[in-house]
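Asker: Prediction below, plus the sequence it came from.
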Amino acid sequence: MSIDTEIEIEQNITRLHLNGKEFILIGTAHVSKKSAEQVKEVIEREQPDAVCVELDEPRYQSVMEGNKWKEMDIFKVIKEGKASLLLMNLTISSFQKRMAKQFGINAGQEMIQGIQSAKEAGADLVLADRNIQITFARIWNQVGFIGKAKLMMQIIYSIFSNETISEEELERIKSQDMLDAMLNDFTEHFPRLKKPLIDERDQYLSQKIKDAPGKKIVAVLGAAHVPGIKEEIYKEHDLARLNQRPPKSKAPKIIGWAIPVLILAVIAYTFISNPTAGWQQTISWVLWNGSFSALGAAIGLGHPLAIVTAFVAAPITSLNPLLAAGWFAGFVQAYFRRPSVKDFETLPEDVLSVKGFWNNKVTRVLLIVVLANLGSTVGTLIGGADVIRLFLENL
C-alpha cells in the first residue's frame with residue numbers, strides 16, 4: 001500500500017476512547033469504490049471485537065436477500081394498506097440503482113464489505129441505524145399537509161426525472177447517506193426535518209456503537225454522520241424514546257369521519273326539503289368521486305374493470321375512512337393482470353425508468369392503488385364542495 005493511500009485512509013478515521021473501550025469510526029462515501037477498500041483494510045488491520053454498520057434490520061435483509069421480491073404477495077400488500085410504503089421504497093431503490101448505473105458504482109458496497117469483513121474477522125455484527133420506517137414516520141410527523149404533498153413530489157420527481165446526476169451532485173452525495181441525499185433540497189425548505197433525519201439518527205447510532213460488545217469497535221458510517229456521533233457518543237441516549245413512532249393526531253380521524261357525516265346529513269336534509277335537489281347532490285357526489293378515482297386508475301393504465309371498480313367504489317369508500325377505492329381497484333387489477341414471476345425478477349431493473357414503472361405488473365398495481373386513492377381524495381373535496389353549494393342554493 002502506498003503512503004498516499006495510508007494517509008487517505010487515516011484522514012477518514014476517527015479514534016475515540018471512552019469507558020475503557022476504543023471506537024474507530026470510518027467515515028465512508030456511500031457511492032465511492034475506495035470506501036469499501038478502506039473498510040476491508042481497517043477491519044483486517046484492527047481485528048475489532050465488533051463491527052457496527054449504518055443499516056437497520058429491513059435494509060440488512062434487503063442487502064442479504066436480493067431476491068426477496070419474488071416472495072412478495074401483492075394481494076397481502078394491498079390488504080395491509082402498504083402499497084404507498086412499498087412504492088416509496090421502490091422509488092428510493094430506483095434512485096440508488098439509477099446512480100449506480102450512471103457511474104458504475106454499487107451504492108452501499110462499503111456496508112456489504114463491513115458485513116463480510118466482520119464475519120471474516122470473527123467480530124460481532126451490530127446493525128446500528130434506526131429502522132427506516134420509524135425515521136419516515138417521524139419525518140412525516142414534522143410537516144403539515146402541504147409539506148407532505150411537497151415531500152412526496154420531491155421524492156417521486158427525483159425518481160421519474162430522466163436527468164443525469166451531475167458531478168457536483170455526485171460529490172455532494174458522497175458525503176451523505178442515500179436518504180439524506182434525496183431529501184437534501186427539501187430539508188432546506190423544512191429545517192425541522194434535520195432533527196429526525198440527521199440529529200436523532202446521530203444519537204441513535206452513537207448509542208448503538210457505544211453499547212456494542214467488546215473493547216475495540218469499528219463503525220462503518222456515512223461521513224456526514226461522523227461529526228454528530230463524535231459529540232453524541234459522550235452522552236446517554238434513550239433508544240426506546242428514539243424508536244417511538246410519533247403519536248397519531250386525532251384530527252385526521254375526526255376530520256375523516258366528520259366529512260362523510262356532514263355530507264350524508266346535508267344530502268338527507270336536502271332530500272326531505274327538496275327531493276329534486278337531493279338527487280342532484282347525490283349524482284354530483286357520485287360523478288365527482290367516481291370520475292376522479294377512475295381517472296387515477298386510467299392514468300395508471302389499469303384494466304378496464306379496475307377503472308370501473310374505482311368509479312363504483314370511490315363514492316362509497318369516501319364515506320368510510322376505513323376503506324379506500326384504490327384497494328378495490330388494485331385487487332381487481334391484480335386479479336386480471338396478475339404479476340408473473342418474470343415481473344418480480346425484473347422489478348429491480350424496471351424501477352429505473354418511468355416506462356418500467358408503468359409496464360411492470362407489480363408497480364402497475366401499486367400505481368393504480370395510489371392514483372385511484374389520490375383521485376378519490378380530489379373527488380371528495382370537489383364533490384363535497386358541490387354538495388354544499390347545492391344545499392345553500394336550495395335553502
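Answerer: Perfect, thanks for sending it. Numbers count the residues shown, from 1 in each chain.
Asker: only C-alpha atoms for contact and neighbour calcs from this point on.
Answerer: Noted.
Asker: Please name the bridge partners of the residue nearest to Asn12 when sequence neighbours are not counted.
Answerer: Distance criterion CA to CA, 6 or more residues apart in numbering; nearest residue to Asn12, sequence neighbours excluded, is Gly27 at 5.2 Å. Assessed by DSSP bridges, Gly27 has beta-bridge partners Leu221.
Asker: can you pull the pLDDT of Gly27?
Answerer: pLDDT for Gly27: 87.
Asker: That one against Ala36, yeah?
Answerer: No - assessed by CA atoms under 8 Å, Gly27 is found out of contact with Ala36, at 11.0 Å.
Asker: Which element is encountered next along the chain beyond the helix or strand of the chain with the lowest mean pLDDT?
Answerer: Using mean pLDDT, DSSP states H and E, helix 3-11 stands out as the lowest-scoring helix or strand of the chain, at a mean of 42. Elements were assigned by DSSP states H and E; along the chain past helix 3-11, the next helix or strand is strand 13-18.
Asker: Determine the set of other helices and strands touching that next one.
Answerer: strand 21-28 (3 or more CA pairs under 8 Å, 6 or more residues apart in numbering; DSSP states H and E).
Asker: buried residues in the strand it packs on?
Answerer: Using 16 or more other CA atoms under 10 Å as the test for burial, strand 21-28 gives Glu22, Phe23, Ile24, Leu25, Ile26, Gly27, Thr28.
Asker: cool, and stretch 255-270?
Answerer: Gly256, Ile259, Pro260, Ile263, Val266, Ile267, Ala268, Thr270.
Asker: Can you list the neighbours in contact with it?
Answerer: Stretch 255-270 is contacted by residues 277-278, 281-282, 318-321, 384, 387-388, 391, 394 when judged by CA atoms under 8 Å, 6 or more residues apart in numbering.
Asker: mind redoing it with 10 Å?
Answerer: Contacts of stretch 255-270 with the rest of the structure, by CA atoms under 10 Å, 6 or more residues apart in numbering, involve 250, 252, 271, 273-282, 285, 316-322, 380-381, 383-385, 387-388, 390-392, 394-395.
Asker: again, but for stretch 15-22
Answerer: Taking CA under 10 Å, 6+ apart as the rule, stretch 15-22 contacts 23-26, 48, 210, 212-218, 230, 233-234.
Asker: and stretch 273-285, how far out from the chain's middle?
Answerer: 42 Å (CA atoms, centre = their mean, to the nearest Å).
Asker: Could I get the average pLDDT for that stretch?
Answerer: Per-residue scores along stretch 273-285 average to 91.
Asker: And stretch 229-244, end to end?
Answerer: 20 Å (CA to CA, to the nearest Å).
Asker: Now do the strands in this protein.
Answerer: 13-18, 21-28, 50-53, 124-127, 216-222 (DSSP state E).
Asker: partner strands of the third one, parallel or antiparallel?
Answerer: Strand 50-53 has the following sheet partners, assigned by DSSP bridges: strand 124-127 (parallel), strand 216-222 (parallel).
Asker: quick check: mean pLDDT across the first one?
Answerer: This means strand 124-127. 96.
Asker: Equivalent analysis for stretch 308-316, please.
Answerer: Across stretch 308-316, pLDDT averages out at 95.
Asker: Return the distance of that stretch from the chain's centre.
Answerer: 28 Å.
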